[in-house]
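> Sequence first, predicted model second:
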Amino acid sequence: MVETIARTDAELVEAAAAGSEHAFRALYRAYVRPVYWLAHGLLRDPSDAEDVTQETFLVAWRKLPGLELAGDSLLPWLVTICRFQSANRIRRRQRERQHTTDDDASDLPDTVDVERQVVQADLVERIVGAVGTLSALDQDIFRLCAGEGYAYQAAADHLGVSHGTVRNRLSRIRAHVRSTVEPEES
């Protein structure tokens, strides 16, 4: 049996910046879902969201050698890249619309609601901030269960804790995130 050693984002970033594809894959697996769902929320198109997710990780791969990670998580940095890539995609859509005839443009969806983008991006940032205040174990539980879709038992096996620990902590994590995020929503 191969023993996997849990590594922090900072360690993985350092290894990936040095050329470790294994470390970059670990970061990719950890954050691909939240990045995709942010892109999907901003763009409202699964195909564009997939493209922007890939572009986000491509930009991240290129910029890792110069990155000084602020905090314990790579996610806020990836969120920023994803937002820029999404904005670029929206501008590209708008340019394409300007170059189509009225008949060609009739089947294109309306532009993305900018207010909704700002609200969703703010919500994601507040959730990331709330999760960032948690213990390392709680952050791992949140990442695995909420971000990567692990079932309680699979997360428990991965982290070497009991099913009940994951279930109880995730319940407290969700309550903490809700109480931190909801007061600002009005």
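Looks like it came in fine.

> For the nearest residue to G149 once chain neighbours are set aside, the count of nearby residues, please.
Counting by C-beta to C-beta, 6 or more residues apart in numbering, R33 is the residue found nearest to G149 once chain neighbours are left out, at 6.9 Å. Backbone N, C-alpha and C define where each C-beta goes, glycine included. Using other C-beta atoms under 10 Å, R33 has 15 other residues around it.

> List phi and psi for the closest residue to R167 other than its chain neighbours.
Once flanking residues are discounted, R167 sits nearest to Y152: 5.1 Å by C-beta to C-beta, 6+ apart. When read as degrees, to the nearest 10, the backbone of Y152 gives phi -50, psi -50.

> now the chain, which segments are flagged as low pLDDT?
1-6, 100-121, 147-148, 183-186 (pLDDT under 70).

> the domain parsing of it - what is it?
Listed by automatic domain parsing, the domain ranges of the chain are 1-110, 133-186.

> how close does the residue nearest to G149 sit to A87?
For R33, the distance to A87 equals 21 Å [C-beta to C-beta, to the nearest Å].

> again with R29
Distance, R29 to A87, using C-beta to C-beta: 26 Å.

> again, but for L137
Counting by C-beta to C-beta, the gap from L137 to A87 is 35 Å.

> ok, which stretches of this structure are helices?
9-17, 21-43, 46-63, 75-98, 102-105, 114-132, 136-142, 152-159, 163-181 (DSSP state H).

> Identify each buried residue in stretch 37-51, please.
Within stretch 37-51, the residues that count as buried by 16 or more other C-beta atoms under 10 Å are W37, L38, A39, H40, G41, L42, L43, R44, D45, D48, A49.
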